[in-house]
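Enquirer: have a look at this prediction, sequence included:
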Amino acid sequence: MGPVELLHMSVFSQSFSPCGRFLAAGNNYGEIALFSLSAALSPDATGLSQKPVLTFTAHEGPVFSLLSTDCHLLSAGNGEVSAWSWTELIKKNVKPLWTKRPNYKSSLEIPEINSMTINSRDNSLIVGGGDNNLHVLDLEHGVFKAVLQGHSDYVHCVTMREREAEILSGGEDGAVRMWDLHVCFSLTERLSVFQSCARPQFGKWISCLTTDSDWMLCGGGPSLSLWHLRSLSPTSTFPLSGCQRQAAFYQDMILAVGEGPFVSHCLLGGDVKAQIPCSPQSLNTLQLNTNSTEHRVLTVGGSSAHIDVFTNLSYRAFSLSF
Amino acid sequence: MGAVTDDEVIRKRLLIDGDGAGDDRRINVLLKSFTKWCNSPATPEEGFTQYQRMLGTLAQCEFSMGKTLMVYDMNLREMENYEKIYTNIEQNITSAHEKIAECKKEIQRAKRIRKNRQEYDALAKVIQQHPDRHETLKQLEALDKELQQLSHIKENVDAKLELRKKQFHVLLSTIQELQQTLENDEKSDNDDNNQESPAENGE
């Protein structure tokens, strides 16, 4: 990996291992790097422990989405989903368990997969990508069992609403769609972003969607806003200047990353409490390690080869680099 | 040359410090002077002075022994004191640990409460934007009343229309019957006239 390539590297996705000791990060060259958090966080960590323990090429195109289940790492590349076993990866064995491709209508272009989410109730994976549809893959049988059509432009982000078994998807067409899984994947609601959040100078695309069953955060072109899902009404808009690419609920705060070299901490009421500076110039992905109690860190990655690690949310502790 | 000076050094040291250092030396000197005093056929004043000197040395030895005993006692008590302080600090550390754990739990609870409060506030903001329920109910009642009145009026007008229709119908049917009767009468008159004239013409 030459210095020019390192300079142009962007980290698009991250995922923690089920034991919480490893971090997998995917970049725009199609590589996945495995970092050992226990080595990097130990008291006698050296510069070498901030380098990956394993780097391998997973796909031909950029790895836009990574997801961890109990024992597998799922990665989405150029129109295909691959599964890797965590135990094998920790032993540095880089053979994928399987690679599947949803049935795309046109075979000329291979649309990229932007986002994936797991429905733990019936063990299925929902992928959303460039062909404007959401494909549902049954992980037990390995077949794609349904296609959810409705978006008029490509799907940026998919998230799962655990309690009501619904999927929320946001796309380039500016619509957030809610799909019900009980009633055979039919559309239940369509939210159009209200006037108060719209920022026409950025466009109407929704790139960031996250939910905790009662509330939903969505942002992108329009400003990041908090919605109450039962009444489908926006409750607060956050005055963040750039376009937000990923957000998460954490305890009583909202963490958001996007354009701008900082992580924004916001309160549910709409105030921005803090903006913590980071090393990449703009951030694409934010992940909290909830799988392990002694390695509770926040990691952010973006348009640089460095991934910032926060042990305390108020400041950046160190950076892992590809 | 070096060996000779070594011997000299050793001899000089033995001469000066032959009996050991400090208290040991004092006891040795005491013993020696005691034996010398017992065996010396000297004058009683000299013997007395020597005896006094020995008593003095004895007192010095006793004094230094007493001092050492006290120091030993003091060290023991210091040790006890330090032990006490040590256990005290240990207890403080464990209680501080427990307090920290409690406080962490409190903070989690407080964060949850704060989150709930913020969600509540956000929803309240949205609810405030909608109009008051009483007002809406009042408006609904007024509209209901208006609706009732209007339907009442409509009923009245309908009934009137029906009545007029029936009345006109009665009038028109009576006129038609009269017309029919008149026509029938005319026809029967004509028939009668026609019957009479052929009968006259026939005769």
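Expert: Structure received. Keep in mind it's a predicted model, so treat the numbers as computed, not measured.

Enquirer: quick one, helices of the chain?
Expert: Using chain A here. A:3-7, A:37-41, A:86-90 (DSSP state H).

Enquirer: chain B was what I was after
Expert: Counting by DSSP H, the helices of chain B are B:2-17, B:22-39, B:44-129, B:133-202.

Enquirer: residues touching A:Ile307, list them.
Expert: Contacts for A:Ile307 were tallied using Cβ atoms under 8 Å, 6 or more residues apart in numbering or on different chains; they are A:11, A:14, A:23, A:25, A:35, A:299-301, A:319-321. (C-beta placed from N, C-alpha, C; glycine too.)

Enquirer: turn the residues you listed into JSON lines, including distance to chain B, neighbour count and pLDDT.
Expert: As requested, these are exported to JSON lines (distance: Cβ to the nearest Cβ, whole Å; neighbours: other Cβ atoms under 10 Å in any protein chain shown; pLDDT from 0 to 100):
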{"residue": "A:Val11", "distance to chain B": "30", "neighbour count": "27", "pLDDT": "93"}
{"residue": "A:Gln14", "distance to chain B": "25", "neighbour count": "23", "pLDDT": "93"}
{"residue": "A:Leu23", "distance to chain B": "25", "neighbour count": "26", "pLDDT": "93"}
{"residue": "A:Ala25", "distance to chain B": "29", "neighbour count": "26", "pLDDT": "93"}
{"residue": "A:Phe35", "distance to chain B": "28", "neighbour count": "25", "pLDDT": "92"}
{"residue": "A:Thr299", "distance to chain B": "22", "neighbour count": "22", "pLDDT": "92"}
{"residue": "A:Val300", "distance to chain B": "22", "neighbour count": "28", "pLDDT": "93"}
{"residue": "A:Gly301", "distance to chain B": "26", "neighbour count": "30", "pLDDT": "92"}
{"residue": "A:Ser319", "distance to chain B": "28", "neighbour count": "19", "pLDDT": "90"}
{"residue": "A:Leu320", "distance to chain B": "28", "neighbour count": "23", "pLDDT": "90"}
{"residue": "A:Ser321", "distance to chain B": "33", "neighbour count": "17", "pLDDT": "88"}
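
Enquirer: so A:Phe318 touches A:Gly47, yeah?
Expert: No - with contact defined as Cβ atoms under 8 Å, A:Phe318 does not count as touching A:Gly47 (9.8 Å).

Enquirer: tell me the pLDDT at A:His182?
Expert: According to the per-residue confidence, A:His182 scores 63 in pLDDT.

Enquirer: for chain B, what helix or strand is lowest in average pLDDT?
Expert: None of the helices or strands of chain B scores lower by mean pLDDT, DSSP states H and E than helix B:2-17, at a mean of 76.

Enquirer: just the residues contacting that helix, thanks.
Expert: Residues lying outside helix B:2-17 but in contact with it, judged by Cβ under 8 Å, 6+ apart, are B:Arg25.

Enquirer: would you mark the buried spots in that helix?
Expert: Neighbour-count burial for helix B:2-17, counted by 16 or more other Cβ atoms under 10 Å in any protein chain shown, picks out no residue.

Enquirer: next: stretch B:158-167.
Expert: When burial is assessed from 16+ other Cβ under 10 Å, stretch B:158-167 yields no buried residues.

Enquirer: likewise stretch A:202-221?
Expert: When neighbours are counted by 16+ other Cβ under 10 Å, the buried residues of stretch A:202-221 are found to be A:204-211, A:215-221.

Enquirer: next one: stretch A:293-303
Expert: Buried positions in stretch A:293-303, judged by neighbour count with 16+ other Cβ under 10 Å: A:295-303.

Enquirer: what does chain A put close to chain B?
Expert: Taking Cβ under 8 Å from any Cβ of the partner chain as the test, the list of chain A residues beside chain B reads A:214-215, A:226, A:228, A:231, A:233-236, A:251-252, A:267-270.

Enquirer: which of these are buried? Put it as a PyMOL command.
Expert: To isolate in PyMOL the members of the residues of chain A next to chain B that are buried, counting by 16+ other Cβ under 10 Å, one can use:
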select buried, chain A and resi 215+226+228+233+234+235+236+252+267+268+269+270
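
Enquirer: please tell me how far A:Gly203 sits from chain B.
Expert: Relative to chain B, A:Gly203 is positioned 26 Å away (criterion: Cβ to the nearest Cβ, to the nearest Å).

Enquirer: and that residue, its phi and psi?
Expert: Reported as degrees, to the nearest 10, the phi and psi values for A:Gly203 are phi 110, psi -180.

Enquirer: quick check: phi and psi on the residue lying closest to it once chain neighbours are set aside?
Expert: Distances taken as Cβ to Cβ, 6 or more residues apart in numbering or on different chains place A:Gly221 nearest to A:Gly203, at 3.8 Å, with adjacent residues excluded. For A:Gly221, the backbone dihedrals (degrees, to the nearest 10) come out as phi -60, psi -60.
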